[in-house]
Each structure stands twice: as C-alpha cells, then as structure tokens.
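Trainee: A predicted structure for the sequence below; I have some questions about it.
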Amino acid sequence: MLIPIANLFDRRMKGLRGELPEHYMYKLDPTVKSKILQQMTGLSVRGFMVDDIDELVLALQRQYGESISQKSDSRDKLWDYMGRCSDDRFLAAIELYCLIKFNNIESQMPMSQPQSVERLTEFINNTNKIFALDKIGYEIVLVGLDEMPYIVVPFNSQYLYLETIKKPRELMNDLRFDGALHEFNKALDHYRKEDYENAIVWATKAYESALKTLLDLEHKTYNKNDSTVGYLVKQVQTQLNLFDPSMAAIFEPVWGVLRTGPSNIRNMPAAAHGQGKDVKGFQKSYSKLVLHLVGAYILFLIERYNESKG
C-alpha cells in the first residue's frame, strides 16, 4: 500500500505560499474520501481481503436497512455509496471496516494473525496520516470496547482523550488490572450509550479496583470489605511509598484530591439521579468529568508506582 507522503513538491509549495489551512476542518471533500477508499479497497486488489469488503457492504446494508448501491461488485458498491454518503456515515463505515477486520483477525489461525494485524495497523496509520496531511480533524483510535474496538474521534478532543482515556487503559492492560480495565471499559460504553449515571458508577468502580490492584501487587493488607475511594487512597498513600519521604509533605494536597474527587461528584443528586432535559445535560458533563478525573488519577498513580519500582 502506498504510504501518504507529507513532503511532496505540491505540498511543499503550498506550505511556502501559505496555502495550507491554518486550522483543522471537519468536512470530508471528495479527494479525501477517495484517498481513504483507495486504502480500504486497494488491499483487496491484491487478493488478501475481498471478504472484508463483502462483509462491509453487508454490514452497511444491515445497519441502515437498505441497499447501499445498485452496482454488482462489492468494491463498486462501496465506492458508489461512500462517494455520495454523508460524512457521518462515511466515518461510521470506517469504524465498521476496522471492526470487521479486527473480528476476522481473532477468528484466524495464529500463524495468519500477524500479517492481518499488520494490514489493519497499516490502514489505520495511513488513514490517520491522510487526515493529518489534509488538515481533517479526525483520527482513528483504539478504545477496545466490546462492540467497537476502534472509533473515529474529533481531533479537537484528541489530546484530552489520549491523556485521560487511552493511556490509563494501556497501563491497566500492561499491569493486568483486569477488573479495573473491564469496569473502565463499561463506563466508556455506558457514556457512549448516553447512560451517564452508570458511566459515573462504573468509572468510580474502576478507580476503586485500580487502587486495590496497586495494594495487591505489593501484597499489602487492607480491609477487603471497605471499597470506598477515601479508604483505599489512604492505604495506597501510607503503604506504597510512592513519593520520596522528603517530598511527602509537598504532595499531601494531592492525596486529598485523589480521595474526594470522583466520589463527591458521584454522590451529588443531580449527577446521579437527574430528571428532565436540563438535568440530563448536567449528567453528561458530570459523567464526562468523572471519566477524565478517574483516567487522570489512575494514570498518575500507576505511573508513580512504575517509577517507584524503578
């Protein structure tokens, strides 16, 4: 597959003439769509992934309950449909394509999986590079949810997403924080489904499980029946020695924030049991805040733990 090249003559000249957009755009023009479709269907020309394109066409038709094109060949159907569909449906098709390829990898024999993983990674990296080169404000990211392993996110939220969602998930996976990772994924899934109350509940559970796992990794004793965040943070603070003793006093306020942040929001009546349109809006903002707080807290504690083990 031809990798998008950033420094070709025409792009260099546009940069010199100041013709490149200063800001990211969110409208997919036909040229960008064509480049991405070349990445999707170009793979199958080599005979490796025809079935993936067939599956994608069927998936799109099942999702939207209608034939996507009158063309006969699956690649022609896809080009016809994705060349004229809305930007939202185009991006949804990218997510479905990644889902299909991911599921097919899981069903393959172990010897075939590395090559298929490489092709999926190549497609994602190249598509993201197309977005970046054309100043299109989207990126495909790994979230690992059961229904959607990869999603497309607006680039303007990408830094916050990477810092507070992706990184803690990666750390939990690396350290085998199975319970915490499962609960954090459940929180993300509830948030995506606009079930903001349960997103808050499961995010807080993930935080509690991460704290317990940190203690368990060091074989520390604590009351297994007391799963409150305040109690668990206190145990981590007093038993794990995450800071040099000379710096303990400086970081004392940090422990107070870690003890109270998400729990206080979770227990607010408006956040957990809202009624009506306006309060539902509050629920969403509270839920988003808790997800970001929990992600940031877990990231901070696990990174400090790793550094302390040194």
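Mentor: Received, thanks.
Trainee: buried residues, the longest helix seen in the chain. List them.
Mentor: Assignment by DSSP state H gives helix 276-309 as the longest helix of the chain. Using 16 or more other CB atoms under 10 Å as the test for burial, helix 276-309 gives 283, 286-299, 301-302, 304-305. Where you see a C-beta, it was placed from the backbone N, CA and C, and this is true even at glycine.
Trainee: helices and strands around that helix, which ones?
Mentor: Packing contacts for helix 276-309, counted by 3 or more CB pairs under 8 Å, 6 or more residues apart in numbering; DSSP states H and E, involve helix 167-174, helix 178-192, helix 196-217, helix 252-266, helix 269-272.
Trainee: what pLDDT, on average, does the shortest one get?
Mentor: Same thing as helix 269-272. Averaging pLDDT along helix 269-272 gives 47.
Trainee: worst-scoring helix or strand of the chain, pLDDT-wise?
Mentor: Scoring the helices and strands of the chain by mean pLDDT, DSSP states H and E places helix 269-272 at the bottom, with a mean of 47.
Trainee: coming back round to it: most tightly packed of the helices and strands packed on helix 276-309?
Mentor: Compared across the helices and strands packed on helix 276-309, helix 196-217 shows the largest average neighbour count, a mean of 22 (mean count of other CB atoms under 10 Å).
Trainee: after it comes which helix or strand?
Mentor: Downstream of helix 196-217, the first helix or strand assigned by DSSP states H and E is helix 229-239.
Trainee: gap between the longest helix of the chain and the chain center?
Mentor: With CA atoms, centre = their mean, to the nearest Å as the basis, helix 276-309 stands 14 Å off its chain's centre.
Trainee: what angle do that helix and helix 229-239 make?
Mentor: 10 degrees (axes from the mean of the first three to the mean of the last three CA atoms, to 10 degrees).
Trainee: quick revisit: and F243, which of the helices and strands packed on helix 276-309 is closest to it?
Mentor: Nearest to F243, of all the helices and strands packed on helix 276-309, is helix 252-266, at 8.9 Å by CB to CB.
Trainee: residue ranges in the chain under the pLDDT threshold?
Mentor: 1-2, 20-24, 43-50, 155-163, 174-175, 192-193, 247-248, 261-282 (pLDDT under 70).
Trainee: domain parsing of it, as residue ranges.
Mentor: Domain assignment for the chain by automatic domain parsing gives 9-142, 158-309.
Trainee: make JSON lines from those and add distance to I3 to it.
Mentor: Output for these, formatted as JSON lines (distance: least, CB to CB, whole Å):
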{"stretch": "domain 9-142", "distance to I3": "6"}
{"stretch": "domain 158-309", "distance to I3": "21"}
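Trainee: nearest to I151, out of those?
Mentor: Among those, domain 9-142 comes nearest to I151, with 5.8 Å by CB to CB.
Trainee: what is the neighbour count of the nearest residue to D54 once chain neighbours are set aside?
Mentor: In space, and not counting its chain neighbours, D54 is closest to S74: 4.8 Å by CB to CB, 6 or more residues apart in numbering. Counted with other CB atoms under 10 Å, residues neighbouring S74 total 20.
Trainee: test my guess that S74 contacts I53.
Mentor: Yes. With contact defined as CB atoms under 8 Å, S74 counts as touching I53 (4.8 Å).
Trainee: please, which helix or strand holds R119?
Mentor: Using DSSP H and E, R119 falls in helix 113-133.
Trainee: gap between that helix and the chain center?
Mentor: Centroid separation for helix 113-133 versus its chain: 16 Å, with CA atoms, centre = their mean.
Trainee: ok, stretch 245-261 next?
Mentor: Worked out by CA atoms, centre = their mean, stretch 245-261 lies 29 Å from the chain centre.
Trainee: list the contacts of it.
Mentor: For stretch 245-261, the external contacting residues (CB atoms under 8 Å, 6 or more residues apart in numbering) are V229, G230, V233, K234, Q237, F243, L293, Y297, F300, L301.
Trainee: now tabulate these in TSV and tack on distance to I36.
Mentor: What follows is the contacts of stretch 245-261, written out as TSV (distance: CB to CB, whole Å):
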residue	distance to I36
V229	43
G230	48
V233	45
K234	50
Q237	49
F243	47
L293	35
Y297	37
F300	37
L301	39
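Trainee: out of the residues you listed, what pair is the most spread apart?
Mentor: Greatest spacing in these, by CB to CB: F243 and L293 (20.4 Å).
Trainee: hang on, the earlier thing: nearest to Y150, out of the domains of the chain?
Mentor: domain 9-142 (3.9 Å).
Trainee: end-to-end on the closest one?
Mentor: For domain 9-142, the first-to-last residue distance is 33 Å (CA to CA, to the nearest Å).
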